[in-house]
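Colleague: I would like to see how this sequence folds:
(one chain, ligands or ions: 1)
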Amino acid sequence: MSFDLNTEQRAFRDVMRGFVDEKVAPHAAQHDRDQTFPQESFDACVAMELPSLQVPEAYGGAGADMVTQAIMAEELARGCASTSVTMLISKLGMLPVMNFASEEIKQSYLPRIASGEIQASYCLSEADAGSDVASMRCRAVRDGDDYVLNGSKYWITNAGVSDTYTVFATTDPSARTHGITCFLVEKEWGVEFANHEDKMGLRASPTGEVIFHDVRVPATHRIGNEGEGFLIAMHTLDRSRPTIGAQAIGIAQAAVDYAGQYMKGRKAFGKPIAELQGLRFMLADMAIRTEAARALVYRACATIDAGDPDGALSYLGAAAKSFASDTAMSVTTDAVQLLGGYGFTKDFPVERFMRDAKITQIYEGTNQIQRVVIANTCSSRSSWENPLSTLASFAISSLLHPYLIPTSSLLRDRWATWRPFVNDNQASGRSAPSRVETN
Ligand SMILES: Cc1cc2nc3c(=O)[nH]c(=O)nc-3n(C[C@H](O)[C@H](O)[C@H](O)COP(=O)(O)OP(=O)(O)OC[C@H]3O[C@@H](n4cnc5c(N)ncnc54)[C@H](O)[C@@H]3O)c2cc1C
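Modeller: Prediction:
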């Protein structure tokens, strides 16, 4: 595994920097103030063919590696965090399609995502089911060749803007995580939307409720089998979290760059504050943390590109996302401090960086949930030598918290190794859905 960018990745990063400075960053403050969708930035991204990077070549995309996709997310976030998530969200919505849908569905939707003609959203959370996904109430009932969806999904990025919605609903509430099923739903099939949230940060990215009143979804648009939705959701988040880390690094880097420049021009006690050692050390610490976070994020992305040879992706992705987002929060807070009173005003961008950084600690699983994932993996590792004790702790922890099942995708991927030791009833009773691995 390489620990540095290759020539193409470097060249792409340089192009992205120029593109973001010219076409994206100039619109960020206005859309943040007005809470409006960054349409001209999105159109510029489409003109640059950025949506194609995240789609495999077989479906009309450029099939870029994950490291390149992270470069895109980081550089966009350096200029406008909302535009960055706007570009990432269709990938999040389409990962279940890329990895688990029928060939027909892939051919029908992915080329249009790649061209930027349509956008996708990912609908997992509900008003009373965020971290605790198993408590979801959105219901799907089979009716002939269709499923009928009723319920609502909360906090959905691009609600109303996207053309397709990847929806997780329960087909068997009593089975909790094992009763969740995934569907691809088109907006035009009667999906309704409530008002967008008035948020502290990421204000140019619309977030809202997606509502289903007797929405009929053809069974052909079920992704995976009934009951496989939870595993599909977590498999997807494992592959998406590193790019949220990339978004966080972009925000942090913007704060380091802005504060560094500001300190050269601002004078106190007759000299630039850039000459005050206490502040120089603070700036250096911000840069160190940002570089460390970048290394972890790019490592997680390179692990996806390498096909996750050690089965460590859940763990690495959670570590990268949580470390990078905690870093972005502390670095942007320090940047506000380095600008003094001016940093606290909307005339300077660092307060926006600080507000935008906050969401990276919350979505795609809060950083507390990432730590549950990481701690569970640490505990599992020590018992790998003993399959029965691992299964016992896995079964107990599955009862305690739903995230402990995806946490254990490591364990699940080793299922074949354990199968001779136990009968199916002793564990979750489920094997991983059949899938084609795509990043
Ligand atoms: C701007 C924005 C965009 C979003 N976009 C999407 C989207 O596109 N699609 C989507 O499905 N969701 C989306 N979300 C939802 C987001 O993923 C959830 O908000 C998040 O998972 C947390 O869920 P919650 O808000 O219900 O918090 P809760 O689950 O109620 O958590 C409250 C607190 O309890 C902590 N907590 C909960 N359980 C545990 C535990 N076991 N151990 C330790 N601490 C715990 C949490 O860390 C948190 O601090 C978005 C949210 C926001 C704000």
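Colleague: quick one: low-confidence residue ranges for this structure.
Modeller: 1, 382-439 (pLDDT under 70).
Colleague: ok, the closest residue to the ligand within the stretch 201-350 of the chain - contacts?
Modeller: Nearest residue of the stretch 201-350 of the chain to the ligand (C-beta to the nearest ligand atom) works out as residue 207 at 4.3 Å. All C-beta atoms are positioned from the backbone trio N, CA, C, and that covers glycine. Each residue near residue 207 by C-beta atoms under 8 Å, 6 or more residues apart in numbering is listed here: 155, 156, 157, 159, 196, 197, 199.
Colleague: just give me the closest of these to residue 69.
Modeller: For the contacts of residue 207, the residue nearest residue 69 by C-beta to C-beta is residue 157; the value is 17.1 Å.
Colleague: hang on, the earlier thing: partners of the residue of the stretch 201-350 of the chain closest to the ligand in the sheet?
Modeller: On the basis of DSSP bridges, residue 207 takes part in beta bridges with residue 157.
Colleague: hey, where'd the strands end up in the stretch 201-350 of the chain?
Modeller: Assigned by DSSP state E, counting those that start in this stretch, the stretch 201-350 of the chain shows strands spanning 207-218, 222-223, 267-268, 271-272.
Colleague: the residue of the stretch 101-250 of the chain found nearest the ligand - how many residues pack around it?
Modeller: The shortest separation between the stretch 101-250 of the chain and the ligand is 1.9 Å, found at residue 130 (distances taken as C-beta to the nearest ligand atom). For residue 130, the number of neighbouring residues by other C-beta atoms under 10 Å comes to 18.
Colleague: ok, and the closest non-adjacent residue to it?
Modeller: Nearest residue to residue 130, sequence neighbours excluded (C-beta to C-beta, 6 or more residues apart in numbering): residue 155, at 7.4 Å.
Colleague: just the element for that neighbour, please.
Modeller: The secondary structure element spanning residue 155 is strand 146-157 (assigned by DSSP states H and E).
Colleague: contacts for stretch 3-23?
Modeller: The list of residues contacting stretch 3-23 from outside it, by C-beta under 8 Å, 6+ apart, reads 40-41, 44, 48, 67-68, 71-72, 75-76, 78-80, 295, 298-299.
Colleague: buried among these? Make that a ChimeraX selection.
Modeller: Of the contacts of stretch 3-23, the buried ones can be selected in ChimeraX as follows, counting by 16 or more other C-beta atoms under 10 Å:
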select :41,44,48,67,68,71,72,75,76,78,79,80,295,298,299
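Colleague: now, which of the contacts of stretch 3-23 lie within helices?
Modeller: Counted as lying in helices by DSSP state H, out of these, are 40-41, 44, 67-68, 71-72, 75-76, 78-79, 295, 298-299.
Colleague: of the contacts of residue 207, which is the most crowded?
Modeller: residue 156 (27 neighbours).
Colleague: what parts of the stretch 251-400 of the chain come near the ligand?
Modeller: Taking C-beta under 6 Å from any ligand atom as the measure of proximity, the stretch 251-400 of the chain contacts the ligand at 359, 362, 363, 364, 365, 366, 368, 369, 372.
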